[in-house]
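Visitor: 3D, please:
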Amino acid sequence: MTQGCTWYGEDPIYIKYHDHEWGVPEYDGRALWEKLVLDGFQAGLSWITILKKRDAFRTAFAGFDPVKVAAFGDDDVERLLQDAGIVRHRGKINAAIKGAQAYLQIEQEIGFSKYCWDFVGGAPIQNNFTSLDQVPTSTPLSTAFSKDLKKRGFNFCGPTIVYAWMEACGMVNDHMVGCPQHKAVQD
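Guide: Model prediction:
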């Protein structure tokens, strides 16, 4: 029996996220970077925790303006460590700043969106999973992508984080075949 997506449960925030954001192809480079940063902050936590704090993250990180975040210094790190609205983890905060610097370099060289989408040949990979147990937590592609991101200066972007980010940004369509969003993303 084919089932739809069930991972998001009954929380209205999660339902809205699933139905309107998750898996929808994202081509804006800045938005891709924001989602990568948030996926890095999610490491070891539940995604709903990050979703509930997303507005606070946006405020704390200057609207995820990579130019501003790339210029953050020690005072900003200390300010962020005191911000109860976000995940207060020095390593993740420093990774976001370093990631902003890496983002700017890639953006200048080839464009961050092009860089990301080139990994999947410019279009979403269309999976046809019928149950959650078929969905991988990482793939050889997410492993290669992760290694390249790290080589370019990103942190908190292991293969599992990168695969989750690729799903969220629509680089892979992992909506279940029985989910109405599967066809919407496919089209």
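
Visitor: got phi/psi on residue 126?
Guide: Phi and psi for residue 126, reported as degrees, to the nearest 10, are phi -100, psi 100.

Visitor: partner residues bridging it?
Guide: Judged by DSSP bridges, the bridge partners of residue 126 are residue 173.

Visitor: how many neighbouring residues does it have?
Guide: Counted with other CB atoms under 10 Å, residues neighbouring residue 126 total 11. Every residue, glycine included, has its C-beta placed from N, CA and C.

Visitor: surely it meets residue 177?
Guide: No - using CB atoms under 8 Å, residue 126 makes no contact with residue 177, being 10.3 Å away.

Visitor: and the helix or strand residue 145 falls within, what does it pack onto?
Guide: Using DSSP states H and E, residue 145 sits within helix 140-151. Packing partners of helix 140-151 (3 or more CB pairs under 8 Å, 6 or more residues apart in numbering; DSSP states H and E): helix 159-168.

Visitor: need the CA coordinates for the helix it packs on. CSV is fine.
Guide: Once non-C-alpha atoms are left out, helix 159-168 reads as follows in CSV (Å, rounded to 0.1, in the frame of the first residue of the first chain):
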residue,chain,number,x,y,z
PRO,A,159,26.6,13.7,4.4
THR,A,160,23.5,13.3,6.5
ILE,A,161,23.0,17.0,7.0
VAL,A,162,23.7,17.6,3.3
TYR,A,163,21.1,15.0,2.3
ALA,A,164,18.5,16.5,4.6
TRP,A,165,19.3,19.9,3.2
MET,A,166,19.0,18.6,-0.4
GLU,A,167,15.6,17.1,0.4
ALA,A,168,14.5,20.4,2.0
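
Visitor: just checking, what packs against it?
Guide: Packed next to helix 159-168, using 3+ CB pairs under 8 Å, 6+ apart, are helix 29-42, helix 140-151.

Visitor: now the helix-or-strand element of the chain with minimal mean pLDDT: buried residues?
Guide: Least confident helix or strand of the chain, by mean pLDDT, DSSP states H and E, is helix 180-186 with a mean of 90. Buried residues in helix 180-186, counting neighbours by 16 or more other CB atoms under 10 Å, are found at 181-182, 185.

Visitor: could you do stretch 147-165 as well?
Guide: For stretch 147-165, by 16+ other CB under 10 Å, it's 149, 152, 154-165.

Visitor: could you tell me the end-to-end distance of that stretch?
Guide: This stretch, stretch 147-165, spans 15 Å end to end (CA to CA, to the nearest Å).

Visitor: ok, the buried residues of helix 180-186 vs residue 131, which is closest?
Guide: residue 182 (12.9 Å; CB to CB).

Visitor: residues contacting that closest one?
Guide: Contact partners of residue 182, counting by CB atoms under 8 Å, 6 or more residues apart in numbering, are 173, 175-176.
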